[in-house]
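A.B. asks: Any chance you can model this:
(2 chains)
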Protein chains: 2
Amino acid sequence: MDGKRVAVVLLSGGMDSAVVLAIAKGEGFACEALSFDYGQRHRCELEAAREVAKQIGASGHTVLSIDMRPIGGSALTDDIEVPKERPDIGEGIPVTYVPARNTIFLSYALALAEVKGASDIFIGVNALDYSGYPDCRPEYIDAYAQMARLATRSGVGGAPLEIHTPLSAMRKSDIARKGLELGVDFSLTHTCYDPLDEGRPCGSCDACVLRRKGFEEIGERDPLPYPVA
Amino acid sequence: MDGKRVAVVLLSGGMDSAVVLAIAKGEGFACEALSFDYGQRHRCELEAAREVAKQIGASGHTVLSIDMRPIGGSALTDDIEVPKERPDIGEGIPVTYVPARNTIFLSYALALAEVKGASDIFIGVNALDYSGYPDCRPEYIDAYAQMARLATRSGVGGAPLEIHTPLSAMRKSDIARKGLELGVDFSLTHTCYDPLDEGRPCGSCDACVLRRKGFEEIGERDPLPYPVA
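C.D. replies: Below is the predicted model:
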């Protein structure tokens, strides 16, 4: 390392975490990207994460294989159907919620932070678009940071751990605008919960609908090849 | 389930977590045991966990494969030598510390708890014998529980999550005595950090030394086949 402060950045391959990585990099951190191969149905997500880490210039990229299938309980890891064009988007906890997912992801980020000497973790949670997920709320993130400061060596005399959630209060349109400002190549990112052949986005799952709306609201073109309606 | 309250019990295959499982069972919980295959060098630990879950009567036993080797940083997952007969046992943070291990394990326990409808998690941390590990301290466990209550569906209107650490204030001798009272077959458990051929304990790593001392102090025989000094 070149004397820069190191941050661990959770990188899914989606639009939000790509913008988070660009923000962390823009704040001067040497960024250690961290992605998970967790039995998600779409390996194109991981491929996207690799491309994004390269494009934005992460110092390192760790991919951890973790098996969440024996836990199940979500349309993203289990055989539950992904809902399409649902009218109640944003209400309640969606079936795509993976139990304790952010808690598990942050715990690995904490382990990597300790090994890499990082006292900063960046995660792209959003309290607006995903209000249905309990583990995206600011009070959850605050409680996590509090716990993390007690969990590790750095919690015993080192620098206090900080968890950064730069997207927390941003609308999808703000995230798109910020990413475009920072030069994020959104054509590399993967957002869809239920992609078509060759990883092309379906255009109608919750994730696609929110993403498309975000670009539309700022009058920008989303470079992904959605099906023509 | 037969109407009993369900608890998730972290089970390593060691002496401590075997006693925790027996305690949880004795308190009337239907126990879902949870073990990890995480690149620990000794697969005999997992075999021990399976035998222990069966002997004590867990309702279920989930084994999750997780890859912690890319994170490294510990003698238990990496190529760092396990210290023997060290004079400063109990001082500082030992090299056998795995970064954020309990945080990662508890996070999976939380996910399983959510799926199984459990609001109780049992973990065999001990604040006395392992004072060098930051993630065994009561203040850490309290902060974890606080975070966990905010992390999950049950944290949004369900029963508040409890983390039980029945061994926290017990000496190794108390743990041995309690296990014997509850009928734990300690010959099935595996404790050694650096076993000989066929999984036999070395007798001289920190874990073996603490265990042997515990049995000695209450004048009981540890059934494991240690090498003759």
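
A.B. asks: can you count the residues close to the closest residue to residue A:187 other than its chain neighbours?
C.D. replies: Leaving aside its sequence neighbours, residue A:187 sits nearest to residue A:223 (Cβ to Cβ, 6 or more residues apart in numbering or on different chains; 3.9 Å). For glycine as for every other residue, the C-beta is placed from the backbone atoms N, C-alpha and C. Counted with other Cβ atoms under 10 Å in any protein chain shown, residues neighbouring residue A:223 total 11.

A.B. asks: Look up how far chain B lies from residue A:223.
C.D. replies: Distance, residue A:223 to chain B, using Cβ to the nearest Cβ, to the nearest Å: 32 Å.

A.B. asks: In a strand, that residue, correct?
C.D. replies: No - counting by DSSP: H, G, I helix; E, B strand; the rest coil, residue A:223 falls outside a strand, being coil.

A.B. asks: And it, how far from residue A:184?
C.D. replies: 11 Å (Cβ to Cβ, to the nearest Å).

A.B. asks: and if you look at residue A:100?
C.D. replies: For residue A:100, the distance to residue A:184 (Cβ to Cβ) stands at 29 Å.

A.B. asks: so, in contact with chain B or not, the longest helix that chain A contains?
C.D. replies: Ranked by residue count, the top helix of chain A under DSSP state H comes out as helix A:101-116. Yes - on the criterion Cβ under 8 Å from any Cβ of the partner chain, helix A:101-116 is in touch with chain B at A:101-104, A:106-108, A:110-112, A:114-115.

A.B. asks: Would you check the distance separating that helix from the middle of the chain?
C.D. replies: Centroid displacement of helix A:101-116 relative to its chain, using Cα atoms, centre = their mean, to the nearest Å, is 13 Å.

A.B. asks: Figure out how far the helix or strand just after that helix is from the centre of its chain.
C.D. replies: Counting by DSSP states H and E, the next helix or strand C-terminal to helix A:101-116 is strand A:120-122. Remark: strand A:120-122 is offset 12 Å from the chain centroid, using Cα atoms, centre = their mean.

A.B. asks: Show me what strand A:120-122 is packed up against.
C.D. replies: strand A:6-10, helix A:15-26, helix A:101-116, strand A:162-164 (3 or more Cβ pairs under 8 Å, 6 or more residues apart in numbering or on different chains; DSSP states H and E).

A.B. asks: and the angle from the longest one to helix B:101-116?
C.D. replies: Put plainly, it is helix A:101-116. Counting by axes from the mean of the first three to the mean of the last three Cα atoms, to 10 degrees, helix A:101-116 lies at 170 degrees to helix B:101-116.

A.B. asks: Check which helices and strands the longest strand that chain A contains sits against.
C.D. replies: Criterion DSSP state E: the longest strand present in chain A is strand A:30-37. For strand A:30-37, the elements it packs on are strand A:6-10, helix A:15-26, helix A:44-56, strand A:60-65, helix A:101-116, judged by 3+ Cβ pairs under 8 Å, 6+ apart.

A.B. asks: of all those, which lies closest to residue B:67?
C.D. replies: Closest to residue B:67 of the helices and strands packed on strand A:30-37 is strand A:60-65 (Cβ to Cβ; 4.7 Å).

A.B. asks: Only the C-alpha atoms, please, for the closest one, written as PDB.
C.D. replies: What follows is strand A:60-65, C-alpha atoms only, in PDB (Å, rounded to 0.1, in the frame of the first residue of the first chain):
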ATOM      1  CA  GLY A  60      -7.800  -5.700  -4.500                       C
ATOM      2  CA  HIS A  61     -10.800  -7.900  -5.000                       C
ATOM      3  CA  THR A  62     -11.600 -10.900  -2.800                       C
ATOM      4  CA  VAL A  63     -14.400 -13.300  -3.700                       C
ATOM      5  CA  LEU A  64     -15.600 -15.600  -0.900                       C
ATOM      6  CA  SER A  65     -17.600 -18.800  -1.600                       C
END
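
A.B. asks: What pairs with it, parallel or antiparallel?
C.D. replies: strand A:30-37 (parallel) (DSSP bridges).

A.B. asks: Pull out the buried residues from the strand it pairs with.
C.D. replies: By neighbour count on 16 or more other Cβ atoms under 10 Å in any protein chain shown, the buried set for strand A:30-37 is A:30-36.

A.B. asks: Name the nearest residue to residue A:59, ignoring sequence neighbours.
C.D. replies: residue A:30 (4.5 Å).

A.B. asks: surely that neighbour meets residue A:21?
C.D. replies: No - counting by Cβ atoms under 8 Å, residue A:30 sits too far from residue A:21 to count as a contact (11.9 Å).

A.B. asks: Could you report the distance from residue A:152 to chain B?
C.D. replies: In terms of Cβ to the nearest Cβ, residue A:152 sits 6 Å off from chain B.

A.B. asks: neighbours of that residue, just the number please.
C.D. replies: Residue A:152 has 23 nearby residues by other Cβ under 10 Å.

A.B. asks: Please name the nearest non-neighbouring residue to it.
C.D. replies: Residue A:152's closest residue in space is residue A:114 (Cβ to Cβ, 6+ apart), at 4.9 Å.

A.B. asks: OK, contacts around residue A:127?
C.D. replies: Counting by Cβ atoms under 8 Å, 6 or more residues apart in numbering or on different chains, residue A:127 makes contact with A:136-138, A:168-169.

A.B. asks: so it is in which element?
C.D. replies: Using DSSP H and E, no helix or strand contains residue A:127.

A.B. asks: Can you tell me how far it is from chain B?
C.D. replies: Counting by Cβ to the nearest Cβ - residue A:127 and chain B are separated by 13 Å.

A.B. asks: on that earlier part again, quick one: which of the contacts of residue A:127 is most hemmed in?
C.D. replies: That'd be residue A:136 among the contacts of residue A:127, by other Cβ under 10 Å, with 22 neighbours.

A.B. asks: For that one, give me its contacts.
C.D. replies: Counting by Cβ under 8 Å, 6+ apart, residue A:136 has contacts A:102, A:125-127, A:130.

A.B. asks: Please apply the same query to residue A:63.
C.D. replies: Neighbours of residue A:63 in contact, by Cβ under 8 Å, 6+ apart: A:35-37, A:46, A:49-50, B:70.

A.B. asks: try 10 Å this time
C.D. replies: Going by Cβ atoms under 10 Å, 6 or more residues apart in numbering or on different chains, residue A:63 touches A:11, A:33-37, A:46, A:49-50, A:53, B:67, B:70.

A.B. asks: I'd like to know which of the residues you listed is nearest to residue B:199.
C.D. replies: For the contacts of residue A:63, the nearest to residue B:199 is residue B:67 (22.3 Å; Cβ to Cβ).

A.B. asks: Pick out the most distant pair among the contacts of residue A:63.
C.D. replies: A:53 and B:67 (18.7 Å).

A.B. asks: which one of those two has more residues nearby?
C.D. replies: Ranked by neighbour count (other Cβ under 10 Å), residue A:53 and residue B:67 place residue A:53 first, with 26 against 17.

A.B. asks: pretty sure that one contacts residue A:61?
C.D. replies: Yes - contact criterion Cβ atoms under 10 Å: residue A:53 and residue A:61 qualify, at 4.3 Å.

A.B. asks: Please enumerate the shared neighbours of those two.
C.D. replies: A:9, A:11, A:31-35.
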